[in-house]
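Asks: I'll drop the sequence and a predicted model, then ask my questions.
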Amino acid sequence: MSLVPRLAFRNLFQDPLRLIATVVGIGFSMVLVTVQMGLYVSFQKMVTVMIDHAGADLWIVPRGSNSFEDPSWLDEHERFRALSINGVLEVVPLVVGLGRWRAPSGLTSPVFIVGADKREDGLLPWNLVEGSLQSLAVPGAVAIDQSYFGRLETRRIGESAEINGQTVKVLGITHGIRSFTTMPYVFVSPDLARTLTDTPPNKASYFIVHLTPGANADETRNELRARLVDDDVLTPDEFGRRSKKFWVSGTGAGAALLMGSLLALIVGTVIVAQTLYSSTKDHLPEFATLRAIGSSGGYIVKVIIIQALLSAFIGFCLAAGISWAIVQATADTALPVIMTPAMILMLLLLTVFMSVLSAVLAIMKVMRIDPVMVLTR
């Protein structure tokens, strides 16, 4: 190890308690940033979870629908209009709506009903851990997610409950299908969905469009828009962006998470900068000694920057470990914390940036110290 890194290393590890305080300050500041950003990313992903898993080439939605959870009715004749267009392979009706789940104990909870036919390529439950798609064809059959067992007071196949006064039986259990509104998704057959949501037989909430192989998606979409003037024809990306814009920008929930993420970023940044700056200032006598024995300004600058980077690296490792533990602990909760490779890279770059910035501020302080202070001690 060359002299500069060795000096920075020994200077940093000279006082273990001071080092621990510095690393803990950096680590937990970055954990705060990571958790808030992870919740925001999780919220955005959960907003479009149904759109992403529908496998649609195009969506036909009621004019002005803001999101998947904002349904109204489409007429069945619009489905046949869409089927008459070249390039359209099939148009799958999807019936969704609100319901109230009543457990045998009398506990009630709002649920969001999703009805699609298992015989068609529609929005069906995925990640089934118990039961099968075929079982949803049984009258009164529903599928729920494990993460809502406590809220729905249901934990196993075969248990019964009521939705809007009608008896249903759990014949499918999924893993990881969660709603950002914390309202459980309940998958049912289209007929049962119409009954539970009072949807007429000739109505649907959405139509999922599948195109023939090789069809030009833009041309087909334009033709659908020209034919279905009272509806919106959207690609999955367009529908997803509309949903994110509505929930993130147009509601208090998304705005609160966004502001929380920004506040965590600001607070974490300030804490890291202050912690590293204070750590460097605590070593002013050592740097004054270097100045007194004739060390150049560039030499001292290298020592300070390497010292700050070492602190940042150790703090980053601590933050990454704690954040990963939080991710695992919240994996099965209603709003899990998501930690992506991009977030890890951002966390690393932010820590390095703050360490360098604080080092620069400390360098300005060090460059102004008088070497005579060594002789006065």
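Replies: Nice, I can see it.

Asks: contacts and neighbour counts: CA atoms only from here.
Replies: Will do.

Asks: ok, now which ones touch the nearest residue to Leu318 once chain neighbours are set aside?
Replies: Closest residue to Leu318 apart from its sequence neighbours, by CA to CA, 6 or more residues apart in numbering: Gly27 at 5.5 Å. When contacts are counted by CA atoms under 8 Å, 6 or more residues apart in numbering, Gly27 touches Gly315, Phe316, Cys317, Leu318, Ala319.

Asks: Can you tell me which of those are buried?
Replies: With burial judged by 16 or more other CA atoms under 10 Å, the buried subset of the contacts of Gly27 is Gly315, Phe316, Leu318, Ala319.

Asks: and the first one, what element?
Replies: If you go by DSSP states H and E, Gly315 is part of helix 297-329.

Asks: That helix: how far from the chain's middle?
Replies: 25 Å (CA atoms, centre = their mean, to the nearest Å).

Asks: what's the spacing between the following helix or strand past that helix and its chain's center?
Replies: Once the chain leaves helix 297-329, the next helix or strand it forms, by DSSP H and E, is helix 341-366. Helix 341-366 sits 25 Å away from the centroid of its parent chain (CA atoms, centre = their mean).

Asks: Let me see the ranges of the strands in the stretch 1-150 of the chain.
Replies: Using DSSP state E, counting those that start in this stretch, the strands of the stretch 1-150 of the chain run over 58-62, 74-75, 88-102, 108-115, 128-131, 141-145.

Asks: Any chance of those in CSV with mean pLDDT and mean neighbour count as columns?
Replies: Output for the strands of the stretch 1-150 of the chain, formatted as CSV (pLDDT from 0 to 100; neighbours: other CA atoms under 10 Å):
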stretch, mean pLDDT, mean neighbour count
strand 58-62, 90, 24
strand 74-75, 88, 20
strand 88-102, 90, 22
strand 108-115, 91, 21
strand 128-131, 86, 15
strand 141-145, 90, 25
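
Asks: now the helices: where do they sit in the stretch 151-300 of the chain?
Replies: With DSSP state H, counting those that start in this stretch applied, the stretch 151-300 of the chain shows helices at 190-197, 217-227, 236-244, 252-281, 284-292, 297-329, listed in chain order.

Asks: and Gly158, which of the ones you listed is closest to it?
Replies: Of all the helices of the stretch 151-300 of the chain, it is helix 190-197 that lies closest to Gly158, at 17.4 Å by CA to CA.

Asks: Val114: what's it in contact with?
Replies: Shown in contact with Val114 (CA under 8 Å, 6+ apart): Leu94, Val95, Val96, Gly97, Tyr185, Val186, Phe187, Val188, Ala193.

Asks: For the first one, give its distance to Asp198.
Replies: Distance from Leu94 to Asp198, counting by CA to CA, to the nearest Å: 14 Å.

Asks: cool, the third one as well?
Replies: Taken as CA to CA, the spacing of Val96 relative to Asp198 amounts to 11 Å.

Asks: what about the closest residue to Leu7 other than its chain neighbours, neighbour count?
Replies: Spatial nearest neighbour of Leu7, chain neighbours left out: Val303 (7.0 Å); criterion: CA to CA, 6+ apart. Val303: 22 surrounding residues under other CA atoms under 10 Å.
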